[in-house]
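> What follows is a predicted protein model with its sequence.
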Amino acid sequence: MRKNYVSKENKDAKEFHGRKTINSGRHEFDKGDGENEMFVWDSKVTEKNSFKLSKQIWKKIEDEALLKNKRPMLSLDISGTELVVLDKHDFIELFVKNYP
C-alpha cells in the first residue's frame with residue numbers, strides 16, 4: 001500500500017501542476033501532501049470499495065490550507081476511481097460564478 005500512496009502523491013503533484021510537500025506534510029512548516037498556487041491537498045488511496053470522509057479529516061486539510069492562505073482539497077483514489085473533494089463555496093467561486 002505504501003507504494004500506491006507515494007505514487008498517488010507524485011501523480012497528484014504532476015497533474016495539479018504543484019509539488020509534493022516534504023515528508024508528506026509531517027513538518028510543521030510544510031503541511032499537506034502537496035500544494036500549488038491555489039490549493040493544499042491531501043492524497044488518499046484505498047483498494048477498498050469505499051472511503052469514509054469524516055469532519056475530522058476535512059478539518060485537518062482545511063486547517064493546513066488556511067495556514068498557507070490557500071484552499072483545501074482532497075484527492076481520492078477509491079479502487080481506481082479518482083475523485084477530488086472541494087469546499088462547496090470554493091467550487092462555486094471557482095467554477096460556477098464564471099459560467100452563465
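Received it, and whenever you're ready, just let me know what you need. Numbers count the residues shown, from 1 in each chain.
> average model confidence for stretch 90-100?
Across stretch 90-100, pLDDT averages out at 85.
> mind saving the C-alpha coords of it as CSV?
Provided in CSV are the C-alpha atoms of stretch 90-100 (Å, rounded to 0.1, in the frame of the first residue of the first chain):
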residue,chain,number,x,y,z
ASP,A,90,-14.7,27.3,-3.3
PHE,A,91,-16.3,25.2,-6.1
ILE,A,92,-19.0,27.9,-6.7
GLU,A,93,-16.5,30.7,-6.6
LEU,A,94,-14.0,29.0,-8.9
PHE,A,95,-16.3,27.3,-11.4
VAL,A,96,-20.0,28.3,-11.2
LYS,A,97,-19.6,32.1,-11.0
ASN,A,98,-17.5,32.1,-14.1
TYR,A,99,-20.1,30.4,-16.3
PRO,A,100,-23.6,31.5,-17.1
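> how far does it sit from the chain's center?
Centroid displacement of stretch 90-100 relative to its chain, using C-alpha atoms, centre = their mean, to the nearest Å, is 19 Å.
> Over to stretch 12-20?
Remark: stretch 12-20 is offset 10 Å from the chain centroid, using C-alpha atoms, centre = their mean.
> neighbouring contacts of it?
For stretch 12-20, the external contacting residues (C-beta atoms under 8 Å, 6 or more residues apart in numbering) are 9, 10, 33, 34, 35, 36, 37, 39, 41, 43, 75. Heads up, the C-betas are built off the backbone N, CA and C, glycines and all.
> Which of the three states applies to residue 17?
The three-state label given to residue 17 by DSSP: H, G, I helix; E, B strand; the rest coil is coil.
> With residue 93 instead?
helix.
> Tell me the buried residues within the contacts of stretch 12-20.
When neighbours are counted using 16 or more other C-beta atoms under 10 Å, the contacts of stretch 12-20 contain these buried positions: 9, 33, 34, 35, 39, 41, 43, 75.
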